[in-house]
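Asks: Take this sequence and fold it.
(one chain, ligands or ions: 1)
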Amino acid sequence: VIIVGAGFGGISAVKALRHVPVDMTLVDRQNYYLFPPLLYQVASGLLDPSEIAAPIRKVVRRAHNADVRLAEVTSVDIAARRVHTSTGSLDYDMLVIAAGSVDNYYGISHLEERANGLKTLPQALRLRAAVLRAFEAATTASGDERRRLLSFAIVGGGPTGVEYSGALAELVRHVLVKDYRRLDFDEVSITLVEGTDQVLGTFSPRLGRKAARALARKGVKLLLKRSVRDVTEGGLVLDDGGLLNAGTVVWTAGVRAAPLMHRLGVPVSKQGQVAVTSSLCLDGHPEVFVIGDGAELLQDGDLLPMLAPVAIQQGQHVARVITARLNGRSDPPFHYRNKGTMATVGRGTAVAELGPIRINGFIGWLMWLGLHLLYIVGFRSRAVVLLSWGWNFLLMDRPVRLIVDPGEAPAASSNIAGVEQPHMLDEDGKTTPGH
Ligand SMILES: Cc1cc2nc3c(=O)[nH]c(=O)nc-3n(C[C@H](O)[C@H](O)[C@H](O)COP(=O)(O)OP(=O)(O)OC[C@H]3O[C@@H](n4cnc5c(N)ncnc54)[C@H](O)[C@@H]3O)c2cc1C
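Replies: Numbers count the residues shown, from 1 in each chain. A predicted model of the protein is given here:
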């Protein structure tokens, strides 16, 4: 069994197949398993990369039937049952594709060049460096240029946009204000731009309003019902033609399935996903599973969202299907169990929706902390993250204020550097509201 992608879906499949008599090869272009929900805390100087990422080889160490290969999968020959990678080809009996998703820039080329994404570790480090550099540059700039440097625009009012805006506001108002004493912090502006009339659109309107009020209290300006037409050196060009001054633009407004989906030789949706059956396989190819963000599956008339629990449950289900087949039984159908969603709006405030139960404020935040802690890999990382959160809560500190810019990957090694390569996308299309 070849598993492409060591994210939520791929790792859950490997763990679930640990005691099943199969030989696995797990292929990923990066050597670490990432916990994306906390990327915004790396970008805002609270956590270090090693606290939200762990070496893949360590994560799957107990799966003695799994081998790991650091390589980019470039294409799949479904007829020949062969995967082509940057380090050679691999034949399979069964293939599990869990390659995740990438930013969607809606075909706006300046966005791709000038906006900072927040989907990968290098992007989070670049964003952290960009914010700190903007403050450094502002100390020697004057007038309009200084105000431009101190203006930050976040596009997309989904969980990632809301979480990052809240965290950035706290970094600025509680920490940087002490570091840059000669700057006038009334000149700093943080604006969250959202296309609909509510932030956290997947939550109930009441929780969306509460999140908006919490952001406003932190000094984040909300620009609702506005979309972005372009990005210039000066800032964002909005759909009404207005210009929003911004030296740093953060893009969290759209995702689409990984480019690999376009290289399977099967039709892809406008979100770049491929349709799967209730066994999570390609129609006519029961040996090819697609799970997580790359899979298009309807349940009760709705498309399953691009969320971690979907990918995790699908990874576990692949093991059930493979086990059933090895035992001569028919494939069990997949059914997603929605256990709820949550998002935090900064220190001490979060919203959570667990079926009919809606929770916000401090209790929601404690639940958010507990759940995220549970999913972080390794006792050491959990302990360090807990300590960092406690430190931040009591002292309002963001200790990792280091300008470490991973830069662009050199061409020769870009295949395995973990840097997303949006230029490989060849289509535009509709997206889901982005995480
Ligand atoms: C910033 C952010 C915050 C999020 N917050 C939440 C949240 O709070 N709650 C929630 O439920 N969901 C959240 N999500 C969404 C969640 O992370 C995804 O739905 C989930 O990771 C999808 O799992 P996956 O297995 O499909 O892909 P991923 O977990 O993204 O893993 C894909 C893996 O495939 C590898 N890969 C891709 N292409 C190739 C290739 N060609 N060759 C080799 N390897 C390849 C990648 O390196 C990666 O390791 C968030 C996402 C982001 C980006």
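
Asks: Tell me how many other residues crowd Arg320.
Replies: 17 (other C-beta atoms under 10 Å). For every residue, glycine as well, the C-beta is placed using N, CA and C.

Asks: Please name the residues that touch the residue in the stretch 151-300 of the chain that the ligand sits nearest to.
Replies: Nearest residue of the stretch 151-300 of the chain to the ligand (C-beta to the nearest ligand atom) works out as Gly292 at 2.1 Å. Gly292 is in contact with 5, 7-10, 98-100, 306, 310-311, 314-315, counting by C-beta atoms under 8 Å, 6 or more residues apart in numbering.

Asks: what does the helix or strand hosting Ala130 rub up against?
Replies: Here Ala130 sits within helix 121-138, counting by DSSP states H and E. For helix 121-138, the surrounding residues in contact (C-beta under 8 Å, 6+ apart) are 32, 34, 39-40, 42-45, 49, 52-53, 116-118, 146, 149-150, 152, 168, 171, 176, 179-180, 183, 247-248, 250, 400-407, 409, 417-420.

Asks: Looking at those residues, which are in strands?
Replies: 32, 34, 53, 116-117, 152, 248, 250 (DSSP state E).

Asks: And the helix holding Ala130, how far out from the chain middle?
Replies: 18 Å (C-alpha atoms, centre = their mean, to the nearest Å).

Asks: List the buried residues in that helix.
Replies: Buried residues in helix 121-138, counting neighbours by 16 or more other C-beta atoms under 10 Å, are found at 121-132, 134-135, 138.

Asks: Return only those of the contacts of Gly292 found close to the ligand.
Replies: Among the contacts of Gly292, the ones lying near the ligand by C-beta under 6 Å from any ligand atom are 5, 7-10, 98-100, 306, 311.

Asks: On the three-state scheme, Glu287 is what?
Replies: strand (DSSP: H, G, I helix; E, B strand; the rest coil).

Asks: Got the confidence number for the closest residue to it other than its chain neighbours?
Replies: In space, and not counting its chain neighbours, Glu287 is closest to Met94: 5.0 Å by C-beta to C-beta, 6 or more residues apart in numbering. Met94 carries a pLDDT value of 98.

Asks: Touching, Met94 and Ile322? I think so.
Replies: Yes: counting by C-beta atoms under 8 Å, Ile322 is a contact partner of Met94 at 6.5 Å.

Asks: who touches both of those two?
Replies: With C-beta under 8 Å, 6+ apart, Met94 and Ile322 have common neighbours 1, 22.

Asks: Now for the residue of the stretch 51-200 of the chain found nearest the ligand, how many residues are close by?
Replies: Residue of the stretch 51-200 of the chain nearest the ligand, by C-beta to the nearest ligand atom: Gly100 (2.5 Å). The number of residues packed near Gly100 is 26, by other C-beta under 10 Å.

Asks: List the contacts of it.
Replies: 5, 7, 9, 257-258, 292-294, 311.

Asks: Go through these and say which is closest to Arg380.
Replies: Gly7 (21.1 Å; C-beta to C-beta).

Asks: give the contact list for the closest one.
Replies: Going by C-beta under 8 Å, 6+ apart, the list of residues near Gly7 reads 33-34, 98, 100, 292, 311.

Asks: I'd like those laid out as a markdown table, including pLDDT.
Replies: Below are the contacts of Gly7 laid out as a markdown table (pLDDT from 0 to 100):
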| residue | pLDDT |
| --- | --- |
| Tyr33 | 97 |
| Leu34 | 96 |
| Ala98 | 98 |
| Gly100 | 98 |
| Gly292 | 98 |
| Ala311 | 98 |
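
Asks: of all these, which comes closest to Lys210?
Replies: Taking the contacts of Gly7 together and measuring to Lys210 by C-beta to C-beta, the closest member is Ala311, at 28.1 Å.
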